[in-house]
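[1] any chance you could fold what I've pasted below:
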Amino acid sequence: MVRLVSSGTEATMTAIRLARGATGRDKIMKFSGHYHGHADSLLAAGGSGVANQGISGSAGVPKSAVADTIVAPWNEIPELDESIAALILEPFQPIWECAS
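    Residues are numbered from 1 along each chain as shown. Modelled structure (predicted):
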């Protein structure tokens, strides 16, 4: 299946929607500092500002926006449970907070 979209955010959201539809599960797991687009649920611990805290940081974004996003430290995958629809990661990303 191929679907052309206008941005990386749209591609990521489509992949997550497909994973949720195929599995019947709601939660996604991502790694701290990884950026997957400018969507509310993906900005949790995304590497910039209040988004690192795993909370909604903007007026109009409900607190529930990150409720189904599990954030794990890079290279430390916890045991996955049956509620996870997808694990999303960046194999290479320039703002991983590697250089402090």
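[2] pretty sure E90 is touching K30, no?
    No: judged on C-beta atoms under 8 Å, E90 makes no contact with K30 at a distance of 9.0 Å. Bear in mind the C-beta positions are built from the backbone N, C-alpha and C, glycine included.
[3] of those two, which one has the most company?
    It is K30, of E90 and K30, that has more neighbours when counted by other C-beta atoms under 10 Å, with 23 against 15.
[4] so the more buried one is in which element?
    Using DSSP states H and E, K30 sits in strand 27-31.
[5] what's the first helix or strand after that strand?
    With DSSP H and E, the next secondary element past strand 27-31 is strand 69-72.
[6] against L87, how distant is M13?
    Separation of M13 from L87 (C-beta to C-beta, to the nearest Å): 16 Å.
[7] what pLDDT does G57 get?
    Predicted confidence (pLDDT) for G57: 51.
[8] need phi/psi at the closest residue to A85 other than its chain neighbours.
    Ranked by C-beta to C-beta, 6 or more residues apart in numbering and with sequence neighbours excluded, the top spatial neighbour of A85 is R25, at 3.9 Å. Note on R25: its backbone torsions stand at phi -110, psi 160 [degrees, to the nearest 10].
[9] low-confidence ranges, this protein, go.
    For the chain, the stretches flagged by pLDDT under 70 are 43-61, 93-100.
[10] any idea which residue sits dead centre in it?
    Nearest to the mean C-alpha position of the chain, by C-alpha atoms, centre = their mean, lies L42 at 3.6 Å.
[11] M29 is in contact with that one, correct?
    No: look at L42 against M29 with C-beta under 8 Å: they stay out of range, at 11.6 Å.
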